[in-house]
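A.B. asks: this one's sequence-less:
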């Protein structure tokens, strides 16, 4: 992803070994031009680029940003605008938080109430929304054109009220809770001892694996305060093999390390204090 950008009196030249490097160099050239160059309207101006030579390459292979569309839904056009902004700063990974207590945002074949009911609202009670297969594939393809890889997240075993409200059988007592539009955390949990839980998650993970060309799927794992430590380990030991079954690697919030996951699993720190601290 490295590039060289040389500007002299007679030319502007970008050199790179890959298309991604050329793309990164183009973003730097845009930043060197006056701000008016980004206007959507025709502008008469002298587009002057400062002379000099830049040799630039990334310090980190993965440079990520996160967008939570579960608590507040964003349309395809809004997410694409976000992708445009990320690409200007050479961000190459978009962590897309697709499900939480407040909403389920991705269509899963065979489980239509996840989106029709679980995706119908958001924080504050305003209407939510969801992405169809085609919508999500459009986002993935749009991001790839900007050399950005999408990592989808389905948080589990906590942060799952939208799914539990959609299907009563996913609850230990067989009773679906009401939809939730607040901001508290830690009160929901998949039923660890019911086989339907893992049939459901096999369908979810399999769908995301099919639609996502990147190597990682994010399985959450944070703030599971309603899941006992023993059940948490049992749950992760069932779910991690499902991710591997679909030829993906798992990433999750740092609590996932308690389950002694495979070496290919990437724990992601969201805080450095007690586990019950809220994720900002």
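C.D. replies: Arrived safely. If you're wondering where the values come from, they're calculated on a predicted model, not measured in any experiment.
A.B. asks: Geometric centre of this protein: which residue is closest?
C.D. replies: Nearest to the geometric centre of the chain sits residue 96, at 1.8 Å (CA atoms, centre = their mean).
A.B. asks: which residues does residue 199 contact?
C.D. replies: By CB atoms under 8 Å, 6 or more residues apart in numbering, residue 199 lies in contact with nothing. C-betas here are computed from N, CA, C, even on glycine.
A.B. asks: Toward the C-terminus, what is the element adjacent to the one helix or strand it maps to?
C.D. replies: Using DSSP states H and E, residue 199 falls within helix 195-211. As assigned by DSSP H and E, the chain's next helix or strand after helix 195-211 is strand 216-220.
A.B. asks: close enough to count as contact, residue 45 and residue 34?
C.D. replies: Yes - Residue 45 lies in contact with residue 34 (CB atoms under 8 Å); the separation is 6.6 Å.
A.B. asks: how about the nearest residue to residue 70, chain neighbours excluded?
C.D. replies: residue 100 (3.6 Å; CB to CB, 6 or more residues apart in numbering).
A.B. asks: ditto for residue 86
C.D. replies: Sequence neighbours aside, residue 65 is the residue nearest to residue 86 in space, at 5.4 Å (criterion: CB to CB, 6+ apart).
A.B. asks: Tell me where the protein has strands.
C.D. replies: 3-7, 12-15, 52-56, 64-68, 93-100, 103-104, 149-156, 216-220, 249-253, 266-268 (DSSP state E).
A.B. asks: okay if I get those strands as CSV plus mean pLDDT and distance to residue 181?
C.D. replies: Listed next are those as CSV, based on pLDDT from 0 to 100; distance: least, CB to CB, whole Å:
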stretch, mean pLDDT, distance to residue 181
strand 3-7, 98, 46
strand 12-15, 98, 48
strand 52-56, 97, 45
strand 64-68, 98, 15
strand 93-100, 98, 11
strand 103-104, 98, 9
strand 149-156, 98, 17
strand 216-220, 98, 20
strand 249-253, 98, 23
strand 266-268, 96, 26
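A.B. asks: just those strands: most buried one?
C.D. replies: Greatest average neighbour count among the strands of the chain goes to strand 103-104 (a mean of 30), per mean count of other CB atoms under 10 Å.
A.B. asks: What strands line up against that strand, and which way round?
C.D. replies: Paired neighbours of strand 103-104 in the sheet (DSSP bridges): strand 93-100 (antiparallel).
A.B. asks: Surely the residue nearest to the centre of the chain touches residue 155?
C.D. replies: No - checked against CB under 8 Å, the pair residue 96 and residue 155 is beyond contact range at 11.9 Å.
A.B. asks: who touches the residue nearest to residue 70 in this structure?
C.D. replies: When contacts are counted by CB under 8 Å, 6+ apart, residue 100 touches 68, 70-71, 155, 159-162.
A.B. asks: Among those, which ones are in helices?
C.D. replies: Here DSSP state H is the test, and the contacts of residue 100 give 161-162 as lying in helices.
A.B. asks: hang on, the earlier thing: okay, residue 45 and residue 34: which has more neighbours?
C.D. replies: residue 34 (13 against 10; other CB atoms under 10 Å).
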